[in-house]
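Visitor: please work out how this folds:
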Amino acid sequence: MSVQVQAAPGSRAGTPPGPPVRRSVVALRGLGLVVTLAALVVVALLSVWTGTRGIPFSSTWNLLWNPDGSEASVIIHDYRIPRTLLALLVGMALGLSGALMQSLTRNPLADPGLLGVSLGASTGVVVAIGFFGIASARGYLWFAFLGAAAASVLVFVLGSAGRSLATPDRLVVAGAAVTAVLYAFNSAVLLLHPRAFDSFRFWTVGSLAGRDTEIVLIVLPFVVVGLLIALGLAPSLNALAMGDQMGRALGVNVGRTRTLGAVAVMLLCGAATAAAGPIGFVGLVVPHVARFVVGPDQRWLFAYSVLLAPVLLIGSDVLGRVLGAPGEIQVGIVTAFLGAPLFIALCRRRKLVML
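Guide: Next up is the predicted model:
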């Protein structure tokens, strides 16, 4: 007697129900990306609308597409739009560099500053202000980026010293050593130059105010190149998550992957820190939120981090302008207040802490 097996609707006989389930998961993740992108558009519009000068939303929307040279039009196009675009770039850079750092070091507490990039940028600003008298954001931008690049190279060289390749543990230790030295150097310079400290303290809090279109255009190519490198490394990082030996067995060049990853972190974090100052918790918290939504797959994790981070940063900037009216609260302060309790809540979930 033969037994006939009736296939499930939409599947062939004898095939497991796995692929349809996988397609549904991919569809849900794709839908989540669309929702996140919509949230990003909403907060970007709020950023263009909100400010110390009250402009009705209808007028803001009309002037956004039809500038007429009026005072409100100048405010929107010369101040608010560049500020929003810079927040978008900085948020994308911090979110992706944080996710990349946590993957490279296999450390759930890693953030873009772990390899000394943020403090390297701070050192460049200290040198620019203390020794060259440069006090404008446009003037010390290149110093900050050069400082971030120099610190990244130094950490990678120290982590690669000897016959072995740069391992996550060696990179973290080298980053801690370089950070300690740079912190001592910055403190010494600021103590010897009190006027430099007065200018530096406004930069170190992290702010998007006073940045114009020129700064956006300067950091744009560095962020784009860093994004492309990081996104291209996602499949290799998925293989390395199972260990270096398994990664090599799957055809991954471990040294090349870590080198390109360090370059991407340097470009992303260096550009973001140089443009807006050291903004904390964005690169630390956002990858955990993304991991909670999509799991450990680096391809989805990177995609969500790129969108969620600017939503957090632009939203924090808008909140700082609303709460601090008629002035504003710097975005670095707002992200710290929002990010710290959120990260504490995330750390209480063991599944999120373990990579």
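Visitor: ok, now how distant is L33 from Y304?
Guide: L33 is 7 Å from Y304, where distance means C-beta to C-beta, to the nearest Å. C-beta coordinates here come from the backbone N, C-alpha and C atoms, glycine included.
Visitor: mind checking which of these two has more residues around it?
Guide: Set L33 next to Y304 and count neighbours by other C-beta atoms under 10 Å: Y304 wins out with 24 against 18.
Visitor: ok, that one - contacts?
Guide: Y304 is in contact with G32, L33, T36, V289, A290, V293, V294, counting by C-beta atoms under 8 Å, 6 or more residues apart in numbering.
Visitor: quick check: it vs A196, distance?
Guide: 40 Å.
Visitor: repeat that for G320.
Guide: Taking C-beta to C-beta, one finds G320 at 26 Å from A196.
Visitor: likewise for R83?
Guide: Separation of R83 from A196 (C-beta to C-beta): 26 Å.
Visitor: and these two? Which one has more around it.
Guide: A direct count of neighbours by other C-beta under 10 Å for R83 and A196 places R83 higher, at 26 against 22.
Visitor: helices of the stretch 251-355 of the chain, start to end?
Guide: 254-276, 282-294, 298-323, 331-347, 350-353 (DSSP state H, counting those that start in this stretch).
Visitor: relative to helix 254-276, how tilted is the longest one?
Guide: Yep, that's helix 298-323 we're talking about. For helix 298-323 against helix 254-276, the angle by axes from the mean of the first three to the mean of the last three C-alpha atoms, to 10 degrees is 10 degrees.
Visitor: got it, and the fourth one?
Guide: Note on geometry: by the same axes, to 10 degrees, helix 331-347 and helix 254-276 are set 140 degrees apart in direction.
Visitor: list of residues touching helix 331-347?
Guide: Counting by C-beta under 8 Å, 6+ apart, 87, 205-208, 276-282, 284-285, 288-289, 292, 312-313, 316-317, 319-320, 323, 352-353 sit against helix 331-347.
Visitor: pull out the buried members of these.
Guide: 87, 205-208, 276-282, 284-285, 288-289, 312-313, 316-317, 319-320, 352 (16 or more other C-beta atoms under 10 Å).
Visitor: so which helix or strand takes in S59?
Guide: Element membership for S59 (DSSP states H and E) is helix 57-65.
Visitor: packing partners for the helix or strand following that helix?
Guide: For helix 57-65, the following helix or strand on the C-terminal side (DSSP H and E) is helix 71-75. The contact analysis (3 or more C-beta pairs under 8 Å, 6 or more residues apart in numbering; DSSP states H and E) places helix 71-75 against helix 57-65.
Visitor: how about residues contacting the helix it packs on?
Guide: Helix 57-65 is contacted by residues V48, W49, I55, S70, A72, S73, I76, H77, I81 when judged by C-beta under 8 Å, 6+ apart.
Visitor: so how far is P235 from Y304?
Guide: With C-beta to C-beta as the criterion, Y304 and P235 are 16 Å apart.
Visitor: was I right about L237 contacting S103?
Guide: Yes: with contact defined as C-beta atoms under 8 Å, L237 and S103 form a contacting pair (4.8 Å).
Visitor: overlap in contacts, those two.
Guide: Common neighbours of L237 and S103 (C-beta under 8 Å, 6+ apart) are G261, Q298.
Visitor: more neighbours, the two?
Guide: Shown here are L237 and S103; by other C-beta under 10 Å, S103 has more neighbours (27 against 24).
Visitor: name the element that one belongs to?
Guide: Assigned by DSSP H and E, S103 falls within helix 81-105.
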